[in-house]
Each structure stands twice: as C-alpha cells, then as structure tokens.
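# Got a predicted model here, sequence first, then my questions.
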Amino acid sequence: MIKPLSDHVLLEPIREEKKKGGIILPDTVDKERPEKGKVVAVGPGKLNKEGKRIPPEVKKGQVVLFKKYGPDEIRVDDKEYLIAREEDILAVLN
C-alpha cells in the first residue's frame, strides 16, 4: 500500500462517461485528465513554521474535486492513481 507523506493525498481518479446525443462515449475518445477522484490515503499533514503538524482536512473515502493539472500520475500494480498536495484539492463532494 502507498502511504503519502506530508500534505500529499493519494487519489483514485474518477473518469466520467461523456454523453453526446444519447450515445455514451468511452473515456478513450477524450483523454482529458480527470478533475474528480476518491481519496485512497492521506499523509499526516504539513508542518508549520513552528514544527507543529497541521492535520489534513480531507479523509479517506471522500470524493473530491482538484486542479486539473495539479496531481502527478503514478501506476502501482497496473492501477492508475494520482498524488496531489492538499492545496490542489478544491472541494469535497457530498
């Protein structure tokens, strides 16, 4: 398992199906980077100037929106993940 460090967040990308005129197009038609993902793991948080850890605001299992080109893509065991800094996460979806 991957354990993110500092304020990094491990995300499983959520690719949405594009619909056009009632036809569902596979995600291979449009290779846009995802902007939504499920939080798989969270680092312990960032250190402030005094050396105190600031706990992360996101939690494992949440679905989040993030900056399109903020996260780095990685592959582990043929599965695609994204690693983002918590500051690149824009919102938590309910």
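Looks like it came in fine. Note that this is a predicted model, so its numbers are computed, not measured. Numbers count the residues shown, from 1 in each chain.
# quick one, what contacts the spatially most central residue of the chain?
The residue lying closest to the centre of the chain (Cα atoms, centre = their mean) is L11, at 3.4 Å. Contact analysis of L11 by Cβ atoms under 8 Å, 6 or more residues apart in numbering lists G37, K38, V39, V40, V64, F66, P71, Y81, L82, I83, A84. In short, each C-beta sits where N, CA and C put it, glycine included.
# Mind telling me what element the last one is part of?
For A84, the element it lies in under DSSP states H and E is strand 79-85.
# Just the buried residues of that strand, please?
Buried positions in strand 79-85, judged by neighbour count with 16 or more other Cβ atoms under 10 Å: Y81, L82, I83, A84, R85.
# will you turn these into CSV that also has pLDDT and distance to R75?
Shown next, in CSV, are these (pLDDT from 0 to 100; distance: Cβ to Cβ, whole Å):
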residue, pLDDT, distance to R75
Y81, 95, 7
L82, 95, 11
I83, 96, 12
A84, 96, 16
R85, 96, 20
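# which one among those gets closest to L5?
I83 (9.7 Å; Cβ to Cβ).
# For E50, see how far away that closest one is.
According to Cβ to Cβ, to the nearest Å, I83 stands 26 Å off from E50.
# residues near R15, how many?
17 (other Cβ atoms under 10 Å).
# circling back to that earlier point, helix or strand next in line after the strand holding A84, which one?
Heading C-terminal from strand 79-85 (DSSP H and E), you reach strand 89-93.
# Partner strands of that next one and their direction?
strand 63-66 (antiparallel) (DSSP bridges).
# residues making contact with the partner strand?
By Cβ under 8 Å, 6+ apart, strand 63-66 touches 9, 11, 14, 35-39, 58, 82, 84, 88-93.
# what about that strand, average pLDDT?
For strand 63-66, mean pLDDT rounds to 96.
# Same check on stretch 7-16?
92.
# cool, stretch 44-56 as well?
Per-residue scores along stretch 44-56 average to 95.
# rewinding a little: may I ask which helix or strand encompasses the residue nearest to the centre of the chain?
Going by DSSP H and E, L11 is part of strand 8-13.
# strands paired with that strand, and their directions?
When pairing is defined by DSSP bridges, strand 8-13 lines up against strand 36-42 (antiparallel), strand 79-85 (antiparallel).
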